[in-house]
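> only geometry, no sequence info:
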């Protein structure tokens, strides 16, 4: 399977704990995106990498959230001191860069439940 | 005002009919426009991309873009029950990426 993969698929954690999610993009894709989606809403942009550079970060993203893509391949998203409001589906997508081509392909997502 | 607006639906059409889904956006500098399909409990799946004014057809799907009116639409011909899903409109402007909340489509057999 050469699609975007995400691990874990589900995560249940207690409030105040830290969690880390991993995303492996499609191998030839140089761009990687993180989104958060809650029930009944569309994906909400969190951050975006081109190769290893983090080019954009949502103003909605608090300091508790951090993302890395150290070698321009896989990426991790960490949430520190989780809150119940962090419960959501965390989606990763990747694309091949061109001037205007941002056709993003999504992974299956990581569902986070904070109790 | 949200960057991308969609009617939440549900939009109900009979099998074999044409389903018409609409989306408006607020950023006049937007350059790329996409339609995604999302089944319940699954992640979004890219259906169509469109970058210039006019129509773009791919099988049963036609995307329409009117930048002057800041309007994007998706037509699904010969709708099938398997088309029942939420359809998300997405708009990008360089490093800005916005999704609408989606329109739920029900295709009745």
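Looks like it came in fine. All figures in this text were calculated on a predicted structure; none of them were measured in a lab.

> now check the lowest-mean-pLDDT helix or strand in chain B, is it near chain A?
Lowest mean confidence among the helices and strands of chain B (mean pLDDT, DSSP states H and E): strand B:96-99, at a mean of 92. Yes. Using C-beta under 8 Å from any C-beta of the partner chain, we find that strand B:96-99 touches chain A at B:96-99. For the C-beta atoms, the positions are set from N, CA and C on the backbone; glycine is no exception.

> among those residues, who's most crowded?
With neighbours set by other C-beta atoms under 10 Å in any protein chain shown, the maximum within the residues of strand B:96-99 next to chain A is found at residue B:99, which has 26 neighbours.

> picking that back up, how far does whichever helix or strand comes after the least confident helix or strand of chain B sit from the chain's center?
Scanning forward in sequence from strand B:96-99 by DSSP states H and E, the next helix or strand is strand B:103-108. Put simply, strand B:103-108 sits 12 Å off its chain's centre (C-alpha atoms, centre = their mean, to the nearest Å).

> who are the packing partners of strand B:103-108?
Judged by 3 or more C-beta pairs under 8 Å, 6 or more residues apart in numbering or on different chains; DSSP states H and E, the packing partners of strand B:103-108 are strand B:11-14, strand B:19-25, strand B:85-93.

> go through those strands and pick out the most buried.
Stretch with highest mean neighbour count among these: strand B:85-93 (a mean of 23; mean count of other C-beta atoms under 10 Å in any protein chain shown).

> Provide the strand pairings for that one, with the direction of each partner.
Here strand B:85-93 has these sheet partners by DSSP bridges: strand B:32-38 (antiparallel), strand B:96-99 (antiparallel), strand B:103-108 (antiparallel).

> enumerate the residues of chain B near chain A.
Taking C-beta under 8 Å from any C-beta as the measure of proximity, chain B contacts chain A at B:4, B:8, B:31-32, B:34, B:36, B:42-46, B:49, B:51, B:88, B:90, B:92, B:95-102.

> between the helices and strands packed on strand B:103-108, which one is nearest to residue A:107?
strand B:85-93 (15.6 Å; C-beta to C-beta).

> contacts for the closest one next, please.
A:42-43, A:102, A:104, B:3-4, B:6, B:21, B:23, B:25, B:27, B:29-40, B:44, B:47, B:72, B:74, B:97-105 (C-beta atoms under 8 Å, 6 or more residues apart in numbering or on different chains).

> also stretch A:66-77?
For stretch A:66-77, contacts defined as C-beta under 8 Å, 6+ apart pick out A:20-25, A:30, A:32, A:34, A:46-47, A:49, A:51-52, A:54, A:65, A:78, A:80, A:90, A:92.

> now do the buried residues in it.
Within stretch A:66-77, the residues that count as buried by 16 or more other C-beta atoms under 10 Å in any protein chain shown are A:67, A:69, A:74-75, A:77.

> rank the strands paired with strand B:85-93 by pLDDT, which is bottom?
Mean pLDDT per stretch puts strand B:96-99 lowest among the strands paired with strand B:85-93, at a mean of 92.

> quick one, phi/psi of residue A:84?
The phi/psi pair for residue A:84 (degrees, to the nearest 10) reads phi -60, psi -30.

> what's the neighbour count on it?
9.

> neighbours of the residue nearest to it when sequence neighbours are not counted, how many?
Nearest in space to residue A:84, with sequence neighbours left out and distances taken as C-beta to C-beta, 6 or more residues apart in numbering or on different chains, is residue A:114 at 5.0 Å. When neighbours are defined as other C-beta under 10 Å, residue A:114 has 19 of them.
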